[in-house]
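# model this:
(chains A and B)
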Amino acid sequence: MSPREEKKTITYLYKFKFQDGREKKFEVVLDEATLELRREDPDPKPEWTKLKYSQCENCPLPDTVQYCPVAVSLAGLVEAFSDAVSYEAAEVTVETTQRTYFRKTTLQKGLSAIIGIYMSTSNCPVCDKLRPMTRFHLPFANSIETFFRSVSSYLTAQFLLMRQGHTPDWELNGLQEIYKEVNTVNKGMTARLHLATEKDANINAVVILHSFGDGITYFIESGLIDIEPMFDVFLQRNNTANPDKAR
Amino acid sequence: MNERILVVDDEESLRLSLKFKLKSAGFDVDTAIDGEEALDKLKVKPADVVLLDINMPRMSGIEALTIIRQTYPQTEAIMLTGFADFSTAIECLKIGAKDYLVKPVDTTELVTRLRSLVRSRSTEHALQEVHQEYLSFLSDELVDPLRKIETMLEQVSKLPGDAEKERKKLLTGARDLVGKLGSKLKLVADVAKRAEDTGASGSEDVSPTELTEKIREIRKGSAR
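Numbering: from 1, shown residues only, chains lettered A, B, ... in the order given. Model (predicted):
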């Protein structure tokens, strides 16, 4: 690959190292501009990747599409960890062009991060809305970090919409709606994975993504109260301008 | 007081999302990262219901369930699993879990199940209380007076022919006891009828707690 072509992609290299010495590597390559996954489809594609095979309730894809794009993207990963248990200890290293992340964690946590990228970059019409977040992918993120990235990404989209003359959704209602739909996909994907795996590692990785989706609803409904104190520097300045509020 | 729920899962995001949801549904929620921490927390503060993940490091959900059912029989358990497995579900139910849910859990459904479990638990406790109160009532208010009457009648039968004064005294005592018994039985029948009537008329049923109170009132002699 020429240096010029290299600039056009973003790569996340996930390395899993287990206590018994086994190692597995997965490279996720995205188009730098569109953040679309550059994948090599398995040949033949597994039966469980067919669109009609436990299709998500809210899937908008037409019958002419033969395979579920997310399932096809996940096929290699799912097969590699089909017989793995969720809480198996693993040393996970994630290499990007800018930095390297390392954490001793559980397999499910490592898998959840990589599955999250696959789901939002595979051209699933429902998960597409989360694609901008993959540019700022944060491996092993906890709930608050993920909520913050989601809200930030959504608010950026609203700002851009506003600049184009549209009405922005500063209340984050649309973000809750996005996660409701994405969680229907997460649920559909776990049903699909039940048919494709022998143990719970892959499934629980998607369950973690589902729980982020569940959690963000309450995060938004609470008025982002968990992170509000971090913004005191802005809020106090405004309150000083309005003495009634400052009291 | 809110019902206390202990969420036990090794994954932080799952604990947090369940905690958010259950708290907003009005439950008092605590979390534990595995079975061992759950047992430590139960030692300090008991829970009404434990939500237990099955696959966890250190101590599995099934091991924790076994200990919880033995040590804290008042604490109910609902099992959570990522991988649906019929034989594991049966095993959990045999050990004493009340339910077995496959993740991702529909939180609305979970709240409904928890409320139903909590309701049936309190109904069960209230029924146990009625049962105890009723047994005490039978023993103290019916069986004991009947024994006294029996003793009095036996004494009457053994009196010499000329002990008229003593015979009269004993018979009067027995008659008084019969009268008291009759009025207590009438009150019990009245409470039972009212309970039946409210049920039949479609109005709110007399609750086990109200029945317990009624029986207590009858025992005190203050029921109407």
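
# Alongside chain A, which residues does chain B contribute?
By Cβ under 8 Å from any Cβ of the partner chain, the residues of chain B that approach chain A are B:10-14, B:16-18, B:20-21, B:24, B:55-57, B:81-84, B:103-104, B:107. Using the backbone N, CA and C atoms, a C-beta is placed for each residue, glycine as well.

# make it 10 Å
For chain B, the residues in contact with chain A (Cβ under 10 Å from any Cβ of the partner chain) are B:9-21, B:23-24, B:34, B:53-58, B:60, B:80-85, B:102-107.

# Mind giving me the ChimeraX select for those residues, buried ones only?
Restricted to buried positions by 16 or more other Cβ atoms under 10 Å in any protein chain shown, the ChimeraX selection for those reads:
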select /B:9,10,11,12,13,14,15,16,17,18,19,20,21,34,53,54,55,56,57,60,80,81,82,83,84,102,103,104,105,107
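
# if you look at the residues of chain B next to chain A, which of them are in helices?
B:12-21, B:23-24, B:107 (DSSP state H).

# Spatially, which two of those are the most separated?
Using Cβ to Cβ, those span at most 18.7 Å, a distance reached by B:12 and B:24.

# ok, the closest residue in space to residue B:129 that isn't next to it in sequence - how many residues close by?
Excluding the flanking residues, the one nearest residue B:129 by Cβ to Cβ, 6 or more residues apart in numbering or on different chains is residue B:212, at 5.1 Å. By other Cβ atoms under 10 Å in any protein chain shown, the residues close to residue B:212 number 19.

# before we move on, which element is residue B:212 in?
According to DSSP states H and E, residue B:212 maps onto helix B:208-220.

# quick check: mean pLDDT across the longest helix belonging to chain B?
Counting by DSSP H, the longest helix found in chain B is helix B:164-200. The average pLDDT within helix B:164-200 is 81.

# Show me what it is packed up against.
helix B:107-137, helix B:144-158, helix B:208-220 (3 or more Cβ pairs under 10 Å, 6 or more residues apart in numbering or on different chains; DSSP states H and E).

# let's see 7 Å
Here helix B:164-200 touches helix B:144-158, helix B:208-220, going by 3 or more Cβ pairs under 7 Å, 6 or more residues apart in numbering or on different chains; DSSP states H and E.

# Next, the residues that contact stretch A:175-194 from outside, please.
Contact with stretch A:175-194 is made by A:48, A:53-58, A:70-71, A:78, A:124, A:126-127, A:129-130, A:150-151, A:154, A:202-203, A:206-207, A:209-210, A:213-214, A:216-217, A:220, B:84, B:104, as judged by Cβ atoms under 7 Å, 6 or more residues apart in numbering or on different chains.

# I'd like to know which of those residues are buried.
Buried members of the contacts of stretch A:175-194, scored by 16+ other Cβ under 10 Å, are A:48, A:53-56, A:70-71, A:78, A:124, A:126-127, A:129-130, A:150-151, A:154, A:202-203, A:206-207, A:209-210, A:213-214, A:216-217, A:220, B:84, B:104.

# Which phi and psi values does the nearest residue to residue B:69 once chain neighbours are set aside adopt?
What sits nearest to residue B:69 in space, not counting adjacent residues and going by Cβ to Cβ, 6+ apart, is residue B:96, at 3.9 Å. Phi and psi for residue B:96, reported as degrees, to the nearest 10, are phi 130, psi 10.

# Dump whatever helix or strand residue B:68 lives in to PDB, restricted to CA.
Here residue B:68 sits within helix B:61-71, counting by DSSP H and E. Coordinates of each C-alpha in helix B:61-71 appear next as PDB, following Å, rounded to 0.1, in the frame of the first residue of the first chain:
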ATOM      1  CA  GLY B  61     -24.000 -17.200  40.000                       C
ATOM      2  CA  ILE B  62     -25.100 -20.700  40.700                       C
ATOM      3  CA  GLU B  63     -22.700 -21.100  43.700                       C
ATOM      4  CA  ALA B  64     -23.800 -17.700  45.000                       C
ATOM      5  CA  LEU B  65     -27.500 -18.700  44.600                       C
ATOM      6  CA  THR B  66     -26.900 -21.900  46.600                       C
ATOM      7  CA  ILE B  67     -25.400 -20.000  49.500                       C
ATOM      8  CA  ILE B  68     -27.900 -17.200  49.400                       C
ATOM      9  CA  ARG B  69     -30.900 -19.600  49.500                       C
ATOM     10  CA  GLN B  70     -29.400 -21.400  52.400                       C
ATOM     11  CA  THR B  71     -28.200 -18.400  54.400                       C
END
